[in-house]
Each structure stands twice: as C-alpha cells, then as structure tokens.
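Participant: give me a 3D structure for the following:
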Amino acid sequence: MKTENNKKNSRKKGQDIPVIDEEDRIQRTEFSEEMSKSYLDYAMSVIVSRAIPDIRDGLKPVQRRTLYAMHELGVKHDKPHRKSARIVGDTMGKYHPHGDSSIYEALVVMAQDWKKGEILVDGHGNFGSIEGDGAAAARYTEARLSQLSEDAFLADLDKDVVDFVPNFDETEKEPTVLPVKIPNILVNGADGIAVGMKTSIPTHNLRETIEGMKLLLRQPTVSAEDLMTVIPGPDFPTGGLITNQSEILGIYETGSGRLRLRGRVELEKASKRSEKDCLVVTEIPYTMIGAGISKFISDVAAMVEQKKLPEVTDISNQSSKEGIRIVFELKNGADPERVKNILYKKTGLEDTFGVNMLAVVDGTPRTVGLKEILYENIQFQIDLNTRKYTNLLRKEREKAEVQEGLIYAIDIIDLIIEIIRGSKNIKDARAALMGDPSGVTFKTKKSKQMAETLDFTERQANAILEMRLSKLIGLEILALTKEHDKTLKLIGQYEKILSSPRVMTNTIIKELEEFADRFGRDRRTEILEAEAAHEVKEEFVEQELMFAVDRFGYAKTYDPAVFARNESTIRQENREVFLVKNTGKIYLFTDDGKLHQCRVADLPLAKAKDKGIPLDNVCNYDSAKERMIALFPETVMENEKFLFVTRDGLVKIVPGSEFISGRKTVVSTKLGDGDLLVAVQMLTESQLMLLSEDGYVLRFPVSEISEMKKASAGVKGMQLSDGDHVKSAAQVSPRAKNTGLDESFGVDWAQVRAGKRGGKGTRVKK
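Facilitator: Next up is the predicted model:
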C-alpha cells in the first residue's frame, strides 16, 4: 500500500517536470570541422592580436598599447623619465593583460637603437647592449617617449582621427591603431612568429621612405622599380653592406626573398697605434647583433688555433658606445684580402637575412610588396587627415558661429541687457535671444519689437549669456573681430583641403617633409652588387713532410729540414713517426674496429718543440671512447697487406686497397661481442708470434692465415683458456734476435717451439 502511494506521488510530481528532448540539448557537429574552426580562430587571434604588425602604424598590439599607456601617463620627451615598472604596470593593468615580461621586452626593444631604425622610447639606465647583454630589471630602468613617438605617433589622438574600443574589462578605452604619420612598418621593420606564418621586415631609412611616399602620392602609377630610385633598399641600424643589389627589386615586388649582408672591414696600416697591419670590423651585419658577436670572435679564434687562419696573430674586441671595433692583427706579409674573404666565408660576418613582408591588412595577414605598403600608408594618411580636418572644420564652424553671435550682440548690447534684466530666468532670456520674447518684460514696445526680430542660435544664445562684461572693452572687441577673421580663414583652408584631392596630397607631403627635415638621417647601409664570398686559396705545392703523434694523441707535421735537425728528440718524444705527403691522408685504426681518415693538410706544420693538436680535432676519432691501435700513411695502403689480431685470438690478412674510401670513417673489421682489436700491422715477415695475458706464446707461419675482406671476422689464431686473451702480437723472422713482444715476460723467441695456427702455445715464465 505504501509503495503504491509513493508511485502515485511520483507520477503526480512528474507531471510538473517538462520532458527534455535529447536532440534539443545536443548539438551534433563534425569533429574535424569543429577542431579546424577552433584552431583557425586561435591562429587568427595570435596573428592579429600578438605577433604580426598592422600595416598602417607598423605596430604590434603590445607596442601600441605600451606607447598609448606612456602617452596617458604623461611621460613625454620633455618630462622626467618614469620607472619602467610603472609603465609596464599601467600597460598590463589597463590594456594588455598578457604578463609583464612581454610588455617590458617590447619596451626595451623600442629603446634599442641597434634594433630599430628610429627609437620610439627614450630609455634611461641599462637597456642592454648590441653584444647581447640583457636589460636590467624594470624596477631599475626608466623611460619616456621619444620626440618622434610623440610628434609622429600620438600627436593627433585628441582629434578623433582613429577609433577607440573598450579594453579587456571595459573600464578604459584604447585606440585600434595609432595615428602614425610616417611609414613606420618600413622605418622600424618588424619580426614575429605567429601560427603557421612569420614576418620579417627589414628596417629602412626614414628620409628615403618619405621620398617614396611623396613619389607615389604624386604619381600613383609608378612601379616598384621607379620607387627604388628613392628607396634603393633596406637600411639597417648596424650599417654594413647589402651585396645582392640585383635581387632587391624582386623582394620589393613579391614581398619575400633573401638579402646577403656583410660587415664592413677596413685595413689599418701599421702605425703608432699598432706596429702591424690590422683588419678592423667597424660595422656588422644586422643578423649578428646579440650573441652573434661573441660567436664570431670565438669562431675566428678557433680557426687561428687550428692554423686555418695563421695570418692572424692577435684578436681584440675594442667595441664601445661609440661603435663596433673588432681588431685582427696580421702577420708581416699577410694577404689582407685572403683573410677578409676567409672571415666572410667561414664566419657570420657574411650572412643572409630572410625577408617576408607579412602584415595585417584590413584585418587579414598578407604578404605585401613595397608599393602596396606605401599605398596602404598613403590611404591611412588620407583617412587620418580627412577625419582630422573634418573635426577641425566642425569645431571652427562652431567657433565662428559663436563669434558671429557675440559680434552682433555687442552691436545691440543695450537690447541684450534689457532682455536679461527683464527675464525671470535663463530659460526665458535664451528663448528671447532666439526670437521668442514672450517671457520677458520690456521697458518699451519698440524694444519688444526689436527682440522679436532676433534669431540667435542656441549655441550663440548660450555664449551671449555667458559673456563677461570685459568683452565690451574696445580692445576686446577688436581682438574678437580679428579672431573671427582668423577662424574664417581656417574654415576656408580646411574646406579647401577636404574638397580638393590635390590640396590634400600637398598637405600630406608638407607634413612628411617636416618629419624628414626634423628626424631624417643619412643612410648607414651601403648597397652594391658583389659575388658571394669565396675563400682565396693559395697555390698548393705538393711536398713530403714528417708526421708525428705522441702518446697523448697530439699530432703535427715537420718540414724535413726541421726534422733532420731534431730527429733524435722528435723520435724519442713521439710514439709514431713516418713520412707523409701534404696532399695525403693518415689512416688511424682503433680498438673498436673503426678506421678514421685524417687529412695531412689539416695538421699544423710544427716547430721542434710545438705540441700539435689532438687527432680528435681533425677526424672522427674520439680518444675518450676508443683507443688508437695503429697509424699508416696513405702511400702504403694501395700496395701493402695488413695483419689483424683481436683480443679473442682471431687473425686475418686484408689487402690495403680494401680501406681506400671517400668516407671519413669506415668499419675495418668485424668484431664479436666484447672482442677488441689488439694489433694492425703491415705484413712484413714470415712468422707471427702471439702472447696471451696468462703467459702463453704461440709462433706459427703467416702463410697459415687466410686473406679476407675487411668485413670478415677472421680465423682462429690461438687457442685460449677461459678468461685468457691475446695481449700482443709481433711478426718475426726465423733469423731475428728480437720479437718486439712485451719484455716483462723475458721471452726468448728461439726457445719457443714453432707451432700451428690455432694451437695453445707454450707457457713461459714471467
């Protein structure tokens, strides 16, 4: 019974619950379409709102917001600097809620004259250096707007020339674009990585870009080639040279390409300042700024150490605030052109700059050429000036309206005073001035009739009622008349600008010329046509040298005359000494079965006491992981045969021709797990002796060893007990008196009975 009541109550309650159709709650969509749409929305947000500059003002949102925050904060060029932390805080709190580090980084870059064509922020304190030193923390540095930013970027914000939108929390208003009066996207360039795209716009000369805008304003049909008569190419703040002049036109037409940049190197002859000739780097390619400078110096130092640049005797970085100065002191008789070409060829002193002039145009990212950039900037200037002079015209017309009302009111001042005295309130007085004197008591009927003829506008009526009596002084009346004449003149000027495209063009040109005169400077980067750097190689004369390597793996070569004078010492101090050709190679066998080739030309030509360089530096040999077994000159490889002995007692003979290869490293033999090479010897004798770690010696004829390929493992040379291994090997002649084996065993080979390959051998006393 209780259960039935519960069911009834349940049904009764259920009558008030609406039934929801599952189809109404679930929105069905294709997963790939939803992912694609969401990703594209995210990508466009990154592109437009963070990484890619607007073509009109050439600024990314973080830069625009930082400059606007500084403008609102009042840190102008003629005011004291303010703490960067305060500027960053205002920007982040009001306009850019993306973290303080990105804002401060943008602020720092806008203050670095080696990154920007024209600085937009005047920094005070440590804002980093061209050599890659970072800026001090925001709490230590100070900043203010540069005069260019103030005059060319922010000056007309109060004239309603750009749209304002709510900020992220709708508590402030911010401009969608700054009213920039110069082609900033070219002047300061831009770089940024978005989602699936990248922008890299080189900096240009302010004066030249303005000349380009003037040319396009006067002749809208000019081509990119015509524009290059006034804009020959990018102008980097670090100076240097652009050496592929012929390719710049293609870059300006398509918006993408590659510039070949070089640093400027000058020859300074021996003088009081330096006893030797010096090559001095005075300008660097734009791509080298930052850590590239120290890398350049370290790369040159490494080449000097490796004897690849022996003409340089000293390197010094004498750079300062005055500019770059990296000095390379040269040996007497050195060829400066050869050294210069090596610097260009082997270091970052010659580099490429990838150009991809991607910008946001009408809300869409697009790769644009030079003419389109200038055209969009011209259209932006026309829009700015149209809005500017439309607003100025409206204000001047309102001013003229008030002035006309005041001038007429002064002429009938007695009637005006009577109206004011006869009015009960301001409303009645205003109505009387506008032609409805019904609420005013007049002294005479004539005054009322005169009042009925008045037709002041509401703006004029308010101005008359607010007018001070001091305006009735004669000089004030004269000043008002002059001001009215000036206002009428401005109205005519503004109307002419707005009604005539030619006058608008001339107005824009005049303003551009003022900026060119005030802020323009000479070009820093030289543009020319030159071949890519190539190393000037000296004529190579083939000659014989003596090669030597010590027990630590340091190798060098000696001139035969030097070797002859110091032969005893050289042989005593080195583990291997043999004759080579400077055009040849050294073949190095290691215990893990590898064969490394080293070019003799890469080894230093040493004096008697020189240490040389590690073999690791000139080939793939790694002394930390493998042990050197044998070294041979290239001259013996073609015609000789080589005997291989492994730790596990395997032996084989391989023709030297097997090892001739163009590869720097090859496998010289096949080794089993845990096995290692013990010896690689040129085949010279008829018998082979093997010595094991347990003291067993086996002597057998070399003729019993098979000749094999390098990829084979070999045949058993000696039967070994568990845990025993071959320690060393030596080829002997039946008539020889010395085996060359480990002398600590005191083995007399003549007492060792001749055996067969694969035997256990004879145990000898230790």
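Participant: what's downstream of the longest helix along the chain, the next helix or strand?
Facilitator: The longest helix of the chain (DSSP state H) is helix 370-411. Next along the chain after helix 370-411, taking DSSP states H and E as the criterion, comes helix 413-422.
Participant: tell me the angle of that next one relative to helix 370-411?
Facilitator: Helix 413-422 runs at 80 degrees relative to helix 370-411, counting by axes from the mean of the first three to the mean of the last three CA atoms, to 10 degrees.
Participant: identify all contacting residues around the next helix or strand after helix 413-422.
Facilitator: Moving toward the C-terminus from helix 413-422, the next helix or strand (DSSP H and E) is helix 426-433. Under the contact criterion CB atoms under 8 Å, 6 or more residues apart in numbering, helix 426-433 has outside partners 416, 419-420, 423, 437-440, 451, 454, 456, 458, 460-462, 464-465. C-beta: built from backbone N, CA, C; applies to glycine.
Participant: one more: stretch 668-678?
Facilitator: By CB under 8 Å, 6+ apart, the surrounding residues in contact with stretch 668-678 are 589-595, 629, 644-648, 650, 652, 654, 659, 680, 710-714, 726-729.
Participant: what is the mean pLDDT for it?
Facilitator: In this model, stretch 668-678 carries a mean pLDDT of 91.
Participant: tell me which residues in it are buried?
Facilitator: Buried residues in stretch 668-678, defined by neighbour count with 16 or more other CB atoms under 10 Å: Ser668, Thr669, Lys670, Leu671, Asp675, Leu676, Leu677, Val678.
Participant: quick one on the thing from earlier: now do the longest helix of the chain and helix 426-433, the angle between them.
Facilitator: Relative orientation of helix 370-411 and helix 426-433, computed by the same axes, to 10 degrees: 90 degrees.
Participant: contacts only, for the nearest residue in space to Gly369 that is not next to it in sequence.
Facilitator: Counting by CB to CB, 6 or more residues apart in numbering, Gly369 lies nearest to Gly255, which is 4.8 Å off, once chain neighbours are set aside. Gly255 makes contact with Val355, Asn356, Met357, Leu358, Thr367, Val368, Gly369, Glu372, according to CB under 8 Å, 6+ apart.
Participant: now do the strands in the stretch 51-200 of the chain.
Facilitator: Assigned by DSSP state E, counting those that start in this stretch, the strands in the stretch 51-200 of the chain fall at 82-83, 121-124, 142-145, 164-166, 173-175, 190-193, 198-201.
Participant: in what helix or strand does the closest residue to Glu401 other than its chain neighbours lie?
Facilitator: Leaving out its chain neighbours, the residue that sits closest to Glu401 by CB to CB, 6+ apart is Arg459, at 5.8 Å. Using DSSP H and E, Arg459 sits within helix 458-466.
Participant: residues of that helix that come out buried?
Facilitator: Within helix 458-466, the residues scored as buried using 16+ other CB under 10 Å are Gln460, Ala461, Asn462, Ala463, Ile464, Leu465.
Participant: swap in stretch 416-431?
Facilitator: Neighbour-count burial for stretch 416-431 [16+ other CB under 10 Å]: Ile416, Glu418, Ile419, Ile420, Gly422, Ser423, Asp428, Ala429, Arg430, Ala431.
Participant: JSON lines for those residues, including pLDDT?
Facilitator: Below are these laid out as JSON lines (pLDDT from 0 to 100):
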{"residue": "Ile416", "pLDDT": "86"}
{"residue": "Glu418", "pLDDT": "88"}
{"residue": "Ile419", "pLDDT": "88"}
{"residue": "Ile420", "pLDDT": "87"}
{"residue": "Gly422", "pLDDT": "88"}
{"residue": "Ser423", "pLDDT": "88"}
{"residue": "Asp428", "pLDDT": "89"}
{"residue": "Ala429", "pLDDT": "90"}
{"residue": "Arg430", "pLDDT": "91"}
{"residue": "Ala431", "pLDDT": "91"}
